[in-house]
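Chemist: what follows is a predicted protein model with its sequence.
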Amino acid sequence: MVVRHPYQDQPDLERMRHLLVEGRRLSLGPYYVHVGDLNWWLYYFLRDLDWSEIIRLWERDRDGLLLAWALFSPAYPAFDVFVHPTECSGMMRAEIVAWAAAYAETAVRRAGGRNLQTVWVAEADLQLIEILEGLGFQRAEGSLFQLERPLGSLLAPEVPTGYEIRTVAGEYEAEERARASHEAFESPRPFDDYLQNYTEFMRSPAYEVALDLVAVSQSGEIASFCIAWPDPASGMGLLEPVGTRPAYQKLGLGRATILEALRRLRALGMESAMVCVEDENRAAQRLYASLGFTPASELRTYARDVTGAGHGL
């Protein structure tokens, strides 16, 4: 018997992370996000939400084994489902995805939204693609490339004159760190909201100041930034997010910051690193290629219109 329940506590989060690690370790076709992605989502983007409302877990009743979990991100709006790589059948996966899509659609329609999407669909995951298409989802424009590189040999960061690569100095630097990110990503959100998000993230259990790398000018402006996320269980590190303020682009600062992040991941025992890049971001793709990253997977987005009769609960 399978039991579905809302997110409850930290042990649930640990089991969610473990499922991702197992999925990535076995590499059987479906895409499993890095545990750093999950930390970034929950403690930055979704920190103000009631996680019991946006996360569902499916577990086996007889032994409590986590078979799947789903997360709904209202701001996008999107949902994604991650299933146990060996213990969740195709039929069970189809039922779970259908339930999660209906649950998410109900929330989207209630908020007056028009579309629902699921983002992390590997090109090789033909089972999930068939399930989604059977539910009325179609492939959306755009995709992500997952890039990887081993960490056995790394170039030393070449820091342009007048700049230094270091970690964020502390919470007093939160405003400058948030402003760099706000400008790099050209965020439409009010800066005060953006700053609050970053400050709260810095206070969260997921934040490691030693892995929040920045390139800083002599005047104290943060020009580039990169957060590195280690995963000791898999030996794979993640870079997310990475960016450079427009005024400081094409100076080699992003490259130097990334190399320092990779150096720190290697020092923590990571054997490889990954990053995800939009298919239309040619400049970033060229940068990562020059740093030794190569494509590992294409990640697609599937979407469906929710303005019709609907599939919601």
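Modeler: It's in.
Chemist: ok, the residue nearest to Gly113 when sequence neighbours are not counted - contacts?
Modeler: Nearest non-adjacent residue to Gly113, counting by Cβ to Cβ, 6 or more residues apart in numbering: Pro77, 5.5 Å away. Placement of C-beta: from N, CA and C, glycine included. Remark: with contacts taken as Cβ atoms under 8 Å, 6 or more residues apart in numbering, Pro77 is in contact with Ala104, Ala107, Val108, Ala111, Gly113, Asn115, Leu116, Gln117.
Chemist: how does the chain divide into domains?
Modeler: Listed by automatic domain parsing, the domain ranges of the chain are 2-143+299-305, 152-270.
Chemist: how about those domains in JSON lines, adding mean pLDDT and distance to Tyr288?
Modeler: Formatted as JSON lines, the domains of the chain follow (pLDDT from 0 to 100; distance: least, Cβ to Cβ, whole Å):
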{"stretch": "domain 2-143+299-305", "mean pLDDT": "96", "distance to Tyr288": "15"}
{"stretch": "domain 152-270", "mean pLDDT": "96", "distance to Tyr288": "8"}
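Chemist: format the ones you listed as JSON lines; extra columns: distance to Arg286.
Modeler: Shown next, in JSON lines, are the domains of the chain (distance: least, Cβ to Cβ, whole Å):
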{"stretch": "domain 2-143+299-305", "distance to Arg286": "17"}
{"stretch": "domain 152-270", "distance to Arg286": "11"}
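Chemist: what's the closest of the ones you listed to Gly292?
Modeler: domain 152-270 (8.3 Å; Cβ to Cβ).
Chemist: what about Asp80, helix or strand, and which?
Modeler: strand 78-83 (DSSP states H and E).
Chemist: after that strand comes which helix or strand?
Modeler: Following strand 78-83 toward the C-terminus (DSSP H and E): helix 90-110.
Chemist: just the buried residues of that next one, please?
Modeler: Across helix 90-110, burial judged by 16 or more other Cβ atoms under 10 Å covers 92-109.
Chemist: ok, stretch 59-78 next?
Modeler: 59, 66-74, 76-78.
Chemist: out of these, which is nearest to Leu42?
Modeler: Leu71 (8.4 Å).
Chemist: so who does the nearest residue to Arg56 once chain neighbours are set aside touch?
Modeler: Nearest non-adjacent residue to Arg56, counting by Cβ to Cβ, 6+ apart: Ala70, 4.9 Å away. Applying Cβ under 8 Å, 6+ apart to Ala70 gives the contacts Ile55, Arg56, Phe79, Asp80, Val81, Phe82, Ile96, Trp99, Ala100, Tyr103.
Chemist: for Ala70, what is the enclosing helix or strand?
Modeler: Applying DSSP H and E, one finds Ala70 within strand 66-73.
Chemist: can you give me the helices in the stretch 201-313 of the chain?
Modeler: 253-267, 282-290 (DSSP state H, counting those that start in this stretch).
Chemist: and the residue most central in space within the chain, helix, strand or coil?
Modeler: Closest to where the C-alpha atoms of the chain average out (Cα atoms, centre = their mean) is Asp37, at 3.2 Å. On the three-state scheme (DSSP: H, G, I helix; E, B strand; the rest coil), Asp37 is labelled helix.
Chemist: surely it touches Leu239?
Modeler: No: look at Asp37 against Leu239 with Cβ atoms under 8 Å: they stay out of range, at 10.9 Å.
Chemist: okay, and the common contacts of the two?
Modeler: What both Asp37 and Leu239 touch, as defined by Cβ under 8 Å, 6+ apart, is the set Trp229.
Chemist: before we move on, the earlier item: would you turn the contacts of Pro77 into CSV with distance to Leu155?
Modeler: Shown next, in CSV, are those (distance: Cβ to Cβ, whole Å):
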residue, distance to Leu155
Ala104, 43
Ala107, 46
Val108, 45
Ala111, 47
Gly113, 45
Asn115, 43
Leu116, 43
Gln117, 38
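Chemist: which stretches of the stretch 101-250 of the chain form strands?
Modeler: Remark: strands assigned in the stretch 101-250 of the chain by DSSP state E, counting those that start in this stretch are 115-122, 138-150, 163-167, 212-217, 222-229, 236-244.
Chemist: could you dump these into TSV and include distance to Arg203?
Modeler: Formatted as TSV, the strands of the stretch 101-250 of the chain follow (distance: least, Cβ to Cβ, whole Å):
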stretch	distance to Arg203
strand 115-122	27
strand 138-150	29
strand 163-167	16
strand 212-217	13
strand 222-229	15
strand 236-244	18
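Chemist: now render the ones you listed as CSV, adding mean neighbour count and distance to Ala267.
Modeler: Listed next are the strands of the stretch 101-250 of the chain as CSV, based on neighbours: other Cβ atoms under 10 Å; distance: least, Cβ to Cβ, whole Å:
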stretch, mean neighbour count, distance to Ala267
strand 115-122, 21, 29
strand 138-150, 16, 15
strand 163-167, 16, 13
strand 212-217, 24, 13
strand 222-229, 24, 10
strand 236-244, 22, 11
